[in-house]
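>>> Pasting the sequence and the predicted coordinates here, then a few questions.
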Amino acid sequence: MMKKVFRDRAMSMWLLGLIHLLSLLHCSLFTFAILDPLDFLALQSIKKALDDLPGSNYLSSWDFTSDPCNFAGVYCDGDKVIALNLGDPRAGAPGLTGRLDPAIGKLSALAEFTVVPGRIFGALPSTFSQLKNLRFLAVSRNFISGDIPATLGELRGLQTLDLSYNQFTGSIPWSIGSMPALSNVILCHNRLSGSVPLFVSKTLTRLDLKHNDLSGAFSPTSLPPSLQYLSLSWNRFSGPVDRLLTRLNRLNYLDLSLNRFTGKIPNSVFSFPITNLQLQRNLFSGLVEPADQVTITTVDLSYNRLSGQISPKLSTVHNLYLNSNRFTGQVPGSFVDRLLDANIQTLYLQHNFLTGIEINPAAEIPPSSSLCLQYNCLVPPIQTACPLRDGNQKTRPTSQCMKWKG
């Protein structure tokens with residue numbers, strides 16, 4: 001009798017244990033059933049290839065005994081991952097280290113992929129080309145190296161490509177230029193070389209290629225007229241850009257500085273809706289002739305080969321850098337008037353061939369304004385502080401001034 005009681009109790013406990021186990025399995029299966037198995041496995045591979053930098057606890061939330069759609073930076077629609085933001089978005093927080101695993105390409109519904117600044121290294125996986133729904137790709141401010149995969153050109157719906165502040169080398173694949181939906185291309189601060197592809201997107205508004213080693217010339221149709229932001233500074237581009245810039249009349253930011261561009265600066269750029277015009281340290285030549293009074297706040301044309309007289313229509317610019325060119329003749333009186341009224345903050349005219357300026361030697365330059373006239377074909381009638389890099393010589397040698405007289 002006692003044996004039967006013990007046997008029944010044991011059976012009951014075994015049944016209760018089985019029920020509890022099945023309940024746990026059911027809950028576990030229910031938890032993971034909301035995410036596609038391929039996406040689940042891909043997230044596991046992505047985590048294994050990464051580590052938190054000291055001070056970051058981003059990956060600690062990736063506990064695969066819970067719902068991955070609740071992980072930090074993971075966003076789902078139904079059973080698919082549609083956005084993946086790797087890292088801690090808090091300002092100043094450390095990022096991640098490690099590599100980007102090729103399993104990212106298994107997230108078939110992914111539309112957005114970003115990585116916060118950190119120390120992720122290695123190559124950008126070519127499997128990104130499998131993400132046919134990708135619209136936004138940003139992995140800036142890390143240590144990703146190697147070539148930009150040409151297969152990215154297969155992402156026909158990609159709108160933003162931001163690979164800035166990394167260590168990419170090689171050329172910009174021509175397939176990138178053929179992507180029809182691009183609106184933002186940000187590849188600045190890398191080690192890219194070669195020429196720039198022809199961009200066909202009619203919606204491209206931002207192109208930032210500064211601080212690379214790119215070279216070559218631009219044809220008048222190299223860039224679409226939809227551009228609003230263009231930065232090409234700190235490269236080795238060459239050739240004329242007058243016909244190209246004439247087409248880009250929607251620009252609200254333009255920086256072509258520190259290149260080898262040649263030819264004339266088109267008059268139309270002075271009427272663009274921009275606040276800063278940066279064309280310094282190139283090989284531009286010829287006259288500077290704005291059609292109307294210039295409303296741009298800062299115009300930097302320094303260190304070029306520009307010549308002729310200075311146009312009075314530039315006197316409305318608050319910060320004007322014309323130094324280290326070949327300008328000749330008198331400084332227009334409108335510059336003096338606006339300078340003394342503190343409407344000009346910076347007027348750099350040094351290292352030209354100017355022959356005169358009508359300003360009273362007793363005039364006081366407002367404390368908020370700077371004027372530099374040294375090393376022209378005139379004795380500066382007023383002593384003002386100039387940048388130290390421009391030396392101590394106040395006037396050009398007469399032999400040089402005779403050559404440029406007129």
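Yes, it's here.

>>> In its sheet, which strands sit next to the helix or strand hosting residue 207, and in what direction?
In this structure, residue 207 is located in strand 206-208 according to DSSP states H and E. If you go by DSSP bridges, strand 206-208 pairs up with strand 184-186 (parallel), strand 229-231 (parallel).

>>> quick one, helices of the stretch 1-150 of the chain?
Secondary structure of the stretch 1-150 of the chain (DSSP state H, counting those that start in this stretch): helices at 2-32, 37-48.

>>> circling back to that earlier point, identify all contacting residues around the strand holding residue 207.
Residues from elsewhere that reach strand 206-208 (CB atoms under 8 Å, 6 or more residues apart in numbering): 164, 183-188, 199, 223, 227-231. Backbone N, C-alpha and C define where each C-beta goes, glycine included.

>>> Can you tell me which of those is closest to residue 123?
Closest approach between those and residue 123, by CB to CB: residue 187, at 15.7 Å.

>>> Return the residues in contact with that closest one.
Residue 187 touches 148, 161, 163-164, 168, 172, 208-209, 212, counting by CB under 8 Å, 6+ apart.

>>> swap the cut-off to 7 Å and go again
Residues in contact with residue 187 (CB atoms under 7 Å, 6 or more residues apart in numbering) are 163-164, 172, 208-209.

>>> Closest one of those to residue 366?
Nearest to residue 366 out of the contacts of residue 187 is residue 208 (CB to CB; 36.0 Å).

>>> Specify the beta-bridge partners of the closest one.
Note on residue 208: beta-bridge partners residue 186, residue 231, judged by DSSP bridges.

>>> measure it to residue 196 for me?
With distances taken as CB to CB, to the nearest Å, residue 208 is found 12 Å from residue 196.

>>> who has more neighbours, these two?
residue 196 (26 against 20; other CB atoms under 10 Å).

>>> Does residue 264 touch residue 242 like I think?
Yes. Using CB atoms under 7 Å, residue 264 is in contact with residue 242, at 5.3 Å.

>>> So for these two, which residue has more residues nearby?
Neighbours per residue (other CB under 10 Å) separate residue 264 from residue 242, with residue 242 holding more: 18 against 15.

>>> contacting residues around that one?
Contact partners of residue 242, counting by CB under 7 Å, 6+ apart, are 263-264, 266.

>>> So which of the residues you listed is the closest to residue 60?
Nearest to residue 60 among these, counting by CB to CB, is residue 266 at 56.2 Å.

>>> Report the buried residues of stretch 138-156.
Residues 138-142, 144, 148-150, 152-155 are the ones in stretch 138-156 that count as buried (16 or more other CB atoms under 10 Å).
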